[in-house]
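J.: Sequence and predicted structure, then a few things I'm wondering about:
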Amino acid sequence: MRSFKTTLARLRTPIALAFLTLLLVGCFALRPVPPAPDLALVPNAATHASSAFDRSLPNEIASEWGRRGAFILVHPWLNGRDVGWFILDTGASGSTISADAAAAAGLAAIGKTVIAGPTTAAASPIESTVYRCDALRLGPLTLQGLSMTGLDVEHASGTFGRPIAGILGQNVFTSAIVELDGPARAVRLHAVDDVHPLDGATIVPIEMRRGLPHVRASFSQVRDALFLLDTGANVGVHVAAEAVERDALQEARGITIDGGQELLTFGSSERVDAGTIESFRIGTLECGPLRATFGRPRGTERRRDTGVDGRIGMGVLVRHVVVFDVPNGRVALGPAALVP
């Protein structure tokens, strides 16, 4: 499986992991929406004021997963208006919207936010417009007073088969229990205070790092690795270069390297190794053998160690029913529908 490729036009500094971690197939561009000069900085552009859940509405919502289940698109209504499809991304701490979709929804610009640092010492930080959506409805869930960062998604039709209006991230996952049924290609939302037995599932704790959900996994000789759960990546598993170097994974038992590929993420390019992990366990759930990519150690070049060993993407998640219960700090993985 090819790794997802994304570029943020003309930016060399990647957007912070805590905001977006998309790795999407094809090459499309994400461009900031330039803010008006009189707009002030918004301290936190990834928040919403409140949420509501209407149990009288169906819990299964409209979604598209692509031919191979490589991504998840959903179709919310903003201020009662249909503005198009959004990527549902567990690797995004906030939500974004294109300038055209913001205009179609009648959203007001309330400020600006910094989405990347300066590319040179003489340059300025990269800023984008922040919009306020009074009400975003996704099936039975309504997010009220939602801040959305402006990002235009260009050339998306080649990747998704349709234009993309934006990205929905942790605003959704912290406000509902989200069931992603990969085998059935379905998305279902449940109220956070509903009690579900989750019979037959593997249930593991979620560790929130920089606003994003992570779980512990075991593979090869590594027994307690921390991985981001990322529906915005179509890799099976990507192992960070720091983990590859620390645990000598290029020659580890149960790991086979059979090629290489280029990974493009928000303006940065990296050559990575590709191969197979024979056994990869999340809790008691065996996910291997699976395809994986591996960051390449760079010798004496120093990297910033984030404490995260890699990410688990759609190549793994699409095989299972995955229930993200972020409000209660857990995720469940099973072979069939888990929530009645």
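T.: Now that the structure is in, tell me what you want to look at.

J.: Read off the pLDDT value for the residue nearest the centre of the chain.
T.: With distances taken as CA atoms, centre = their mean, residue 91 lies nearest the centre of the chain, 2.6 Å away. We have a pLDDT of 92 for residue 91.

J.: Would you agree residue 298 is in contact with residue 244?
T.: No: taking contacts as CB atoms under 8 Å, residue 298 lies outside contact range of residue 244: 10.6 Å. (C-beta placed from N, C-alpha, C; glycine too.)

J.: still on that earlier bit, would you mind confirming that the residue nearest to the centre of the chain makes contact with residue 170?
T.: No: judged on CB under 8 Å, residue 91 makes no contact with residue 170 at a distance of 9.1 Å.

J.: what residues are shared contacts of these two?
T.: residue 212 (CB atoms under 8 Å, 6 or more residues apart in numbering).

J.: neighbour-wise, which of residue 298 and residue 244 wins?
T.: Using other CB atoms under 10 Å, the more surrounded residue of residue 298 and residue 244 is residue 244, with 22 against 11.

J.: contacting residues around that one?
T.: Counted by CB under 8 Å, 6+ apart, residue 244 has contacts 250, 294-297.

J.: That one: which element?
T.: Using DSSP states H and E, the element containing residue 244 is helix 241-246.

J.: buried set for the strand or helix carrying residue 114?
T.: In this assignment (DSSP H and E), residue 114 forms part of strand 108-116. Going by neighbour count (16 or more other CB atoms under 10 Å), the buried part of strand 108-116 is 109, 111-116.

J.: now the helices: where do they sit in this structure?
T.: Assigned by DSSP state H, the chain shows helices spanning 99-104, 157-160, 170-173, 241-246, 314-317.

J.: which stretch in these is the model least sure about?
T.: When those are ranked by mean pLDDT, helix 157-160 comes last with a mean of 82.

J.: Counting by contacts, list what it packs against.
T.: Helix 157-160 is packed against no helix or strand, with contacts defined by 3 or more CB pairs under 8 Å, 6 or more residues apart in numbering; DSSP states H and E.

J.: 10 Å instead?
T.: Under the contact criterion of 3 or more CB pairs under 10 Å, 6 or more residues apart in numbering; DSSP states H and E, helix 157-160 touches strand 28-32, strand 85-88.

J.: Test my guess that residue 193 contacts residue 175.
T.: No: Residue 193 is beyond contact range of residue 175, at 11.8 Å (criterion: CB atoms under 10 Å).

J.: Neighbour count for those two, which is higher?
T.: Under the criterion of other CB under 10 Å, the comparison of residue 193 against residue 175 puts residue 175 first, with 23 against 9.

J.: mind checking which helix or strand of this structure has the lowest mean pLDDT?
T.: Of the helices and strands making up the chain, the lowest-confidence element is strand 6-7, at a mean of 40, by mean pLDDT, DSSP states H and E.

J.: thinking again about what came up before, out of the contacts of residue 244, which is most surrounded?
T.: In terms of neighbours by other CB under 10 Å, these top out with residue 294 at 23 neighbours.

J.: give the contact list for that residue.
T.: Contact analysis of residue 294 by CB atoms under 10 Å, 6 or more residues apart in numbering lists 237-241, 243-244, 249-250, 255, 257, 260, 272-275, 277, 310.

J.: count of neighbours near the closest residue to it other than its chain neighbours?
T.: In space, and not counting its chain neighbours, residue 294 is closest to residue 273: 4.3 Å by CB to CB, 6 or more residues apart in numbering. Applying other CB under 10 Å, we find 20 residues neighbouring residue 273.

J.: show me what contacts residue 273?
T.: Here residue 273 is in contact with 239, 241, 244, 249-250, 255, 257-261, 292-296 (criterion: CB under 10 Å, 6+ apart).

J.: For these, which two are the farthest from each other?
T.: Farthest apart among the contacts of residue 273 by CB to CB are 241 and 258. That separation is 18.1 Å.

J.: Comparing the two, which shows the higher neighbour count?
T.: Using other CB under 10 Å, the more surrounded residue of residue 241 and residue 258 is residue 241, with 20 against 9.
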